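> What shape does this take:
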Amino acid sequence: MNRRVQELFRAVIPALSFNRIKTKSTVISASRRVPNYPVELWGAFLSNAFNASLSINAEDRKFYKPNFPQLSINSEDTTVVLFLEVVGKVNDQRLASLPNPQMWCKHNQAPFVKGEPDIVCIGAPDSTTLRSTNEYGVSLLATVEVKSDQLLNNIIQEIIGEQRLSGGERELYNIYNVARGQKDSGTNNYSKYDKLRNIVHQAFVYMVVNDRRYGMITTLNQTWFMFRKVGDEKTLCISPAVSVRQVYTNNQASFWECLRYFEDLSTSNPYARSPSGSEPPLTDSDDSDDGDSDNQEDPPPPPPSGSGVSSRTRKKTKSNATNNTELKETKEKEIKENILLKYMKNYDRNHFTFGHILGYGRTGCIFEATLGRETGALKKVALYKDGNKLEELLSEIKIYIGPLLKFGVLCEAFVFILTSLAEETFATIGDITRKEKELAIKGLQELHSKGVMHGDVRLENIMVKRRNKGSTSCVWWIDFGWSKMTDNLKELDKELTELKYLLGMVGMK
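Sure thing, here's the model as predicted:
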């Protein structure tokens, strides 16, 4: 074995220091849809990684031995940055020199990735293509879910203590299976068992929705390697935890050698067919929840009597509201979202056919997708990661005015909406007529008459479809993620004035 490569893959980083960490993950709303799938131990991973380490051959390549600074972690974002920095100093040296180069990066550097995994491993025919943002020519090899060491370790230790686990029972796969059989405490703050199930399931679903076989969960301090069984892709296997400071011995691979083995696996066989689930794929005659011809979801049932809320409206606090009223409004809003999420239909990955990227938004990539007989623009938000984005999409579902084809839950991990494929927008059409501007203004006025404030007045959010010459164009509003119900006339008038200035129609009544 070449000594320089031996040093490279057996480098040891300094002990990590952890400040008090704030986490943005495992939001409370995730407790409303808790997955419950079994996992197995990837028992052969460590021994196979060790055997692979014995055959590492540098082929006379020259890699420098990395020097690591003292590493301090104070957030999940910091964990992502430091993981990429550390991996970049070791494994990325080799990956960049491969005939088909690869690299680890944030998901937004690979915009074709579905969902928002914290880190991905991608490959391409050449380095120029690899570092482009083009979806063509770049392949996704693996997805990574990053958690704070403080958060995940606390959850694991609490479960170990409460369940009195010992030895191999303390491995993540077993702790997860123990958590599957537990019920939450019935409080608003969902339990440690739900949190653990959600963390593992989120990592698994990023693999599923992208049709990939390999993935990871990491805190940087510890990493769990995962794969979907060949021939039984519904089954997730998780390796024992591997410390980032794990060193090579005469019967153990170092962390870097484990990571290299994982990279080689994901390169040789990255793809996995999505599990079929309990339901067959949707057909042209079977893509609605209620059997009606409107192709719309069943609305959630009314809330318990006395709650004062409905599934399609929400109250807003008046300007002179007391703190008690504000607390009541927050509670009512939570009840509505609970009801909406609880009764949403779940769809397996195989129900969808994904097309090309249509654009980008706050929720990530918007894909062309087909669900049953409907093809449209698919927007989705992870249930377990960003409470603000989830709230925006739930608000959009409740308020949406326009051609909303479908909404629901994907793989018990994403809330999605499927809307009609966009025509031209006011931002792209170039020669907007006065009549089209008037229709846009009237459309906003109609929203206001229903108590809906759009909240994001931009040319990109006004769609236009032109018909035959001489006929009236069709104009409508999209993207209700920042919309809200309000009876504040000043706010509504301000938004209308903003639109008129944007369109150069200030004098229009």
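
> Tell me where the stretch 1-150 of the chain is predicted with low confidence.
1-36, 57-74, 133-135 (pLDDT under 70).

> what pairs with the strand or helix carrying Lys380, and is each one parallel or antiparallel?
Following DSSP states H and E, one finds Lys380 within strand 374-382. Using DSSP bridges, the strands paired with strand 374-382 are strand 364-371 (antiparallel), strand 414-419 (antiparallel).

> Name the residues that touch the helix or strand that the last one is followed by?
The first helix or strand that comes after strand 414-419 along the chain, using DSSP H and E, is strand 424-425. Outside strand 424-425, the residues that touch it by Cβ atoms under 8 Å, 6 or more residues apart in numbering are Leu459, Glu460, Asn461, Ile462, Met463, Val464, Lys465, Arg466. (C-beta placed from N, C-alpha, C; glycine too.)

> Now, of those residues, which are buried?
Buried members of the contacts of strand 424-425, counted by 16 or more other Cβ atoms under 10 Å: Asn461, Ile462, Met463, Val464.

> just checking, which of those residues belong to strands?
Ile462, Met463, Val464 (DSSP state E).

> and Glu391, that's in a helix?
Yes. Assessed with DSSP: H, G, I helix; E, B strand; the rest coil, Glu391 lies in a helix.

> what's the spacing between it and Val381?
The gap separating Glu391 from Val381 is 9 Å, by Cβ to Cβ, to the nearest Å.

> okay, these two: which has more neighbours?
More crowded of Glu391 and Val381, by other Cβ atoms under 10 Å: Val381, with 25 against 16.

> thinking again about what came up before, redo the buried ones among the contacts of strand 424-425 as TSV? Include distance to Asn198 and pLDDT.
Putting these into TSV (distance: Cβ to Cβ, whole Å; pLDDT from 0 to 100) gives the following:
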residue	distance to Asn198	pLDDT
Asn461	32	84
Ile462	37	87
Met463	36	81
Val464	41	85
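
> Find the nearest non-adjacent residue to Asp126, please.
Excluding the flanking residues, the one nearest Asp126 by Cβ to Cβ, 6 or more residues apart in numbering is Pro101, at 6.9 Å.

> check contacts around the one you found.
Contacts for Pro101 (Cβ under 8 Å, 6+ apart) come out as Leu95, Gly123, Ala124, Asp126, Ser127, Leu130.

> Among the residues you listed, the buried ones, what's the ChimeraX command?
To isolate the buried ones among those in ChimeraX, judged by 16+ other Cβ under 10 Å, type:
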select :95,123,124,130
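
> out of the contacts of Pro101, which are inside strands?
Per DSSP E, the subset of the contacts of Pro101 in strands is Gly123.

> For the contacts of Pro101, name the two members farthest from one another.
Using Cβ to Cβ, the contacts of Pro101 span at most 13.2 Å, a distance reached by Leu95 and Asp126.

> What's the separation between the residue nearest to Asp126 and Val381?
For Pro101, the distance to Val381 - Cβ to Cβ - is 32 Å.

> now swap in His448 and tell me
As defined by Cβ to Cβ, His448 lies at a distance of 26 Å from Val381.

> what does stretch 264-271 rub up against?
With Cβ under 8 Å, 6+ apart as the criterion, stretch 264-271 contacts 52, 102, 121, 123, 139-142, 211-214, 227, 230.

> again, only using 7 Å
Gln102, Cys121, Gly123, Ser139, Leu141, Ala142, Asp211, Arg212, Arg213, Tyr214 (Cβ atoms under 7 Å, 6 or more residues apart in numbering).

> Any idea how many residues pack against Phe240?
One thing to correct before we go on: residue 240 is Pro, not Phe. Close neighbours of Pro240, defined as other Cβ under 10 Å, add up to 17.

> where does it fall, helix, sheet strand or coil?
Under three-state DSSP, Pro240 comes out as coil.

> Not counting residues beside it along the chain, what's closest to it?
In space, Pro240 is closest to Glu171, 5.5 Å off (Cβ to Cβ, 6+ apart).

> Any regions of the stretch 201-350 of the chain where pLDDT drops low?
Ranges of the stretch 201-350 of the chain meeting pLDDT under 70: 274-342.

> Mind doing that once more with 90?
The stretch 201-350 of the chain contains residues with pLDDT under 90 at 202, 230-234, 245, 247-248, 269, 272-350.

> In it, what residue spans correspond to helices?
For the stretch 201-350 of the chain, helices defined by DSSP state H, counting those that start in this stretch occupy the ranges 255-268, 323-342.

> Check the stretch 351-500 of the chain too.
Under DSSP H, counting those that start in this stretch, the stretch 351-500 of the chain gives helices at 387-399, 426-429, 434-449, 489-503.

> of all the ones you listed, which gets the most neighbours per residue?
Among those, the stretch with the highest mean neighbour count (mean count of other Cβ atoms under 10 Å) is helix 387-399, at a mean of 20.

> What average pLDDT does it get?
Helix 387-399 carries an average pLDDT of 72.

> got the angle for it vs strand 364-371?
40 degrees (axes from the mean of the first three to the mean of the last three Cα atoms, to 10 degrees).

> which other helices and strands contact helix 387-399?
Applying 3 or more Cβ pairs under 7 Å, 6 or more residues apart in numbering; DSSP states H and E, one finds that helix 387-399 contacts helix 323-342, strand 374-382, strand 414-419.

> got the CA positions of the second one in PDB?
In this case it means strand 374-382. Taking Å, rounded to 0.1, in the frame of the first residue of the first chain, the C-alpha atoms of strand 374-382 are listed here in PDB:
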ATOM      1  CA  GLU A 374     -52.900  14.500 -13.900                       C
ATOM      2  CA  THR A 375     -49.600  16.100 -14.900                       C
ATOM      3  CA  GLY A 376     -48.600  19.400 -13.200                       C
ATOM      4  CA  ALA A 377     -46.100  21.300 -11.200                       C
ATOM      5  CA  LEU A 378     -45.100  19.600  -8.000                       C
ATOM      6  CA  LYS A 379     -44.100  21.600  -4.900                       C
ATOM      7  CA  LYS A 380     -43.200  19.800  -1.700                       C
ATOM      8  CA  VAL A 381     -41.900  20.500   1.800                       C
ATOM      9  CA  ALA A 382     -40.400  18.000   4.300                       C
END
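
> pretty sure Lys345 is touching Leu410, no?
No. Judged on Cβ atoms under 7 Å, Lys345 makes no contact with Leu410 at a distance of 10.2 Å.

> more neighbours, those two?
Set Lys345 next to Leu410 and count neighbours by other Cβ under 10 Å: Leu410 wins out with 25 against 13.

> So what sits opposite the closest residue to that one other than its chain neighbours in the bridge?
In space, and not counting its chain neighbours, Leu410 is closest to Phe416: 5.2 Å by Cβ to Cβ, 6+ apart. Going by DSSP bridges, Phe416 is paired in beta bridges with Lys380, Gly408.

> Roughly how far does Phe416 sit from Asn461?
Applying Cβ to Cβ to Phe416 and Asn461 gives a distance of 19 Å.

> Which members of the contacts of stretch 264-271 are classed as buried?
Using 16+ other Cβ under 10 Å, the buried ones in these are Gln102, Cys121, Gly123, Ser139, Leu141, Ala142, Asp211, Arg212, Arg213, Tyr214.

> Now that we have the residues you listed, can you turn them into CSV and tack on distance to Gln182?
Shown next, in CSV, are the buried ones among the contacts of stretch 264-271 (distance: Cβ to Cβ, whole Å):
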residue, distance to Gln182
Gln102, 39
Cys121, 33
Gly123, 40
Ser139, 39
Leu141, 34
Ala142, 30
Asp211, 31
Arg212, 29
Arg213, 29
Tyr214, 28
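
> Farthest pair within those residues?
Largest pairwise distance in the buried ones among the contacts of stretch 264-271, by Cβ to Cβ, is 18.2 Å, between Gln102 and Asp211.
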